[in-house]
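Colleague: What shape does this take:
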Amino acid sequence: MTSRIHPTAVIEPGAELGAEVDIGPYAVIGPNVKIGDRTRIAAHALITGHTTIGADNKIFSGCSIGEVPQDMKYRDEPTRLVIGDRNTIRECCTFNIGTVQQDGVTLFGSDNWVMAYVHVAHDVVVGDHCVLANAVTLAGHVTVGDHVTIGGLSGVHQFCRIGSQAMVGGMTKIVQDVAPFITVDGNPATVHGLNLLGLRRRGFSNEEIGHLKKAQGYVYRDGLTLDEAKLKLAELVAETGNVHVQTLLDFVSVQGRGLVR
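Modeller: Below you'll find the predicted structure:
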């Protein structure tokens with residue numbers, strides 16, 4: 001099967017298109033864009049900047065992918081946006097390239113489901129298998145782990161981290177880091193326990209979940225300081241060898257914007 005490029009689409013010289021791509025009416029593809037095999041770009045989408053998009057993505061109408069950052073310090077540096085494979089990016093989403101204040105690249109993984117009007121700002125890093133519901137806003141330098149779900153209309157403050165397997169409820173305000181495996185909700189965000197539904201869906205055993213419940217108690221329920229909780233987590237790792245508890249320990253051991261507790 002050959003590529004299908006609508007006659008009204010604008011493909012600027014220098015753009016690189018893989019095999020069997022589909023470019024819809026009035027879409028614009030900039031000169032520094034690389035698009036992988038079988039990716040579909042719908043009508044009126046703009047793909048610009050130094051942007052690399054992998055294979056089998058679906059980018060819907062009205063998206064702006066690869067525009068310059070909404071950062072007043074940006075001075076036209078050739079920073080980048082890299083998007084992985086098999087993502088669905090629905091209508092009117094905006095993804096920006098990075099800045100030289102960090103690594104110069106915005107990274108968006110594979111197998112993610114992105115609903116309409118989502119904003120992914122400069123220098124954001126998103127993992128794989130995430131769900132970003134309608135109008136989620138990720139500010140600059142935000143990091144999101146794998147298998148994270150963020151509910152609609154939620155906003156994440158710049159430099160915040162959201163750990164793998166976390167669940168963020170709709171209309172939640174995130175101004176501190178969200179630990180892995182945890183459900184948070186509200187304005188400001190508060191912890192509502194483990195993301196049990198997500199963990200079970202992804203095949204966590206009852207034993208693994210039991211260890212995480214004990215770990216959650218150290219961090220959130222037992223009245224310990226964070227330093228005391230880290231010591232208890234280390235003891236639990238030594239006792240059980242549970243790699244997920246180690247993931248939680250590693251996350252809370254990083255000095256960031258503080259932890260939602």
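Colleague: can you list the weak-confidence ranges in this structure?
Modeller: 1 (pLDDT under 70).
Colleague: can you tell me which residue is nearest the centre of it?
Modeller: Val126 (2.8 Å; C-alpha atoms, centre = their mean).
Colleague: Backbone torsions only: list them for it.
Modeller: Val126 adopts backbone torsions of phi -120, psi 140, taken as degrees, to the nearest 10.
Colleague: for stretch 69-78, how far is the first residue from the last?
Modeller: One end of stretch 69-78 to the other measures 11 Å (C-alpha to C-alpha, to the nearest Å).
Colleague: Tell me which residues are up against it.
Modeller: 32, 50, 68, 79, 96-101, 104, 121-123, 140 (C-beta atoms under 8 Å, 6 or more residues apart in numbering). Yep, even glycine has a C-beta here, placed from its N, CA and C like the rest.
Colleague: Just the buried positions in that stretch, please.
Modeller: Across stretch 69-78, burial judged by 16 or more other C-beta atoms under 10 Å covers 69, 71, 74, 77.
Colleague: can you confirm Leu231 is in a strand?
Modeller: No - counting by DSSP: H, G, I helix; E, B strand; the rest coil, Leu231 falls outside a strand, being helix.
Colleague: any idea how far Thr51 is from it?
Modeller: Distance, Leu231 to Thr51, by C-beta to C-beta, to the nearest Å: 45 Å.
Colleague: Those two: which is more packed in?
Modeller: Neighbour count, other C-beta atoms under 10 Å: between Leu231 and Thr51, Thr51 has more, with 23 against 13.
Colleague: List the neighbouring strands of the host helix or strand of that one plus their orientation.
Modeller: Assigning secondary structure by DSSP states H and E places Thr51 in strand 50-53. Applying DSSP bridges to the sheet, strand 50-53 is found paired with strand 33-35 (parallel), strand 80-83 (parallel).
Colleague: ok, residues contacting whichever helix or strand comes after the shortest one?
Modeller: With elements assigned by DSSP H and E, the helix or strand that comes after strand 33-35 is strand 40-41. Taking C-beta under 8 Å, 6+ apart as the criterion, the residues outside strand 40-41 that touch it are 21-24, 27, 29, 35, 47, 57-59.
Colleague: Mind checking which of the residues you listed land in strands?
Modeller: Of the contacts of strand 40-41, the ones assigned to strands by DSSP state E are 22-23, 29, 35, 47, 58-59.
Colleague: Identify, from those residues, the entry nearest to Glu207.
Modeller: For these, the residue nearest Glu207 by C-beta to C-beta is Lys58; the value is 38.2 Å.
Colleague: mind listing what the closest one touches?
Modeller: Applying C-beta under 8 Å, 6+ apart, the residues near Lys58 are 39-40, 42, 87-89.
Colleague: Select from the residues you listed the one having the most neighbours.
Modeller: Result: Ile89 is most packed of the contacts of Lys58 (other C-beta under 10 Å), 27 neighbours.
Colleague: How about the backbone phi and psi for it?
Modeller: Taking degrees, to the nearest 10 as the convention, Ile89 sits at phi -120, psi 110.
Colleague: And it, how close does it get to Glu16?
Modeller: 19 Å.
Colleague: what kind of secondary structure is Phe95 in?
Modeller: Going by three-state DSSP: Phe95 is strand.
Colleague: Tell me how far stretch 174-185 lies from the chain's centre.
Modeller: 14 Å (C-alpha atoms, centre = their mean, to the nearest Å).
Colleague: what's the answer for stretch 89-105, then?
Modeller: Worked out by C-alpha atoms, centre = their mean, stretch 89-105 lies 11 Å from the chain centre.
Colleague: Fine, thanks again, bye for now.
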